[in-house]
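Asker: sequence first, then the predicted structure:
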Amino acid sequence: MDQTHEHDEHDRSHGQAHGQQSHGHANGHAHGQANGHGDPTGMNPEGVTDPAEFWEARYVANRGERGQVWSGRVNAAVEREVAELTPGSALELGSGEGGDALWLAAHGWTVTALDISATALAVGAAKATHDGLGDRITWVQADLAAWHPTGEFDLVTAAFLHSPVELPRDDILRRAASAVAPGGRLLVVGHGAFPPWSSHREHDHDALPLPTADDVLASLTLPDGWTVETCAQVDREVTGPDGERVTLVDAVLRVRRGV
């Protein structure tokens, strides 16, 4: 996840280059905030193309004094969109170090958390055990580019699935929708605009705009029977890398499958 910083987001930054499909974390990670103020758009200066290699190296190299990359906090949009839902089974795509998964488990959900990085999953699993949530979360190492759901869930989430390495984000999100049980929800949260400190602002003037919530909804090509509950660009205040208060924009989509 590409985490933006200070805030709760877990940016996973896994995914493709630019364009709708490319903005998203391929195997997701991140959750919570970074120890520093990294670039949520996840620039890849060394040109690594293998998602597993890229994300594992990123988690190993950026763990900081606490032994983790992100803050461990739940993403603000996930908390807001899920807080009033009745807990059930949840699938999180791109769980990173488990900020969202841990929050969901603490609020009564039984969670399956998928990420490509073994290091990130180990951090989340250790925290779950420490917090007495080990029996509520199943941690699965998987490359979302090749992943296909094998069951249905009451809630499927993908938060900040953005990535600097190739990732078929639209295909992944369509598969995610197919994993939603009747009456369940799909929640997709992404960057609605590049943060002021993003490397893209300086080096990637040709990058396509990040997909809006409406763009994500259109790309899902949902069949009849789904209801749109949230489809919005939502402002969020965070503290930037230099201690300044900055307003970021999240693209938030929550849809419900018919019973």
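Answerer: Sure, I can see it. Numbers count the residues shown, from 1 in each chain.
Asker: what mean pLDDT does stretch 163-178 get?
Answerer: Mean per-residue pLDDT for stretch 163-178: 90.
Asker: using CSV, write out every CA atom in that stretch.
Answerer: The C-alpha trace of stretch 163-178 is given here as CSV (Å, rounded to 0.1, in the frame of the first residue of the first chain):
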residue,chain,number,x,y,z
SER,A,163,1.1,0.4,-7.5
PRO,A,164,4.2,1.2,-9.5
VAL,A,165,4.6,-2.3,-10.8
GLU,A,166,2.2,-3.8,-13.4
LEU,A,167,-1.2,-4.8,-12.0
PRO,A,168,-4.5,-5.5,-13.7
ARG,A,169,-6.5,-3.4,-11.1
ASP,A,170,-9.8,-3.4,-13.0
ASP,A,171,-9.8,-7.2,-13.5
ILE,A,172,-8.9,-7.6,-9.8
LEU,A,173,-11.8,-5.4,-8.7
ARG,A,174,-14.3,-7.2,-11.0
ARG,A,175,-13.1,-10.5,-9.4
ALA,A,176,-13.5,-8.9,-6.0
ALA,A,177,-17.2,-8.1,-6.8
SER,A,178,-17.7,-11.8,-7.7
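Asker: just the element for the nearest residue to W197 once chain neighbours are set aside, please.
Answerer: Leaving out its chain neighbours, the residue that sits closest to W197 by Cβ to Cβ, 6 or more residues apart in numbering is P241, at 5.5 Å. Every C-beta, even on glycine, is put in place using the N, C-alpha and C of the backbone. If you go by DSSP states H and E, P241 is not part of any helix or strand.
Asker: gap between P241 and S198?
Answerer: Distance, P241 to S198, using Cβ to Cβ, to the nearest Å: 11 Å.
Asker: for the most centrally placed residue in the chain, which residues count as its bridge partners?
Answerer: Centroid-nearest residue in the chain, with Cα atoms, centre = their mean: A159, separated by 2.7 Å. Here A159 shows beta-bridge partners V189, assigned using DSSP bridges.
Asker: from what I see, it and S95 are in contact.
Answerer: No - with contact defined as Cβ atoms under 8 Å, A159 does not count as touching S95 (9.2 Å).
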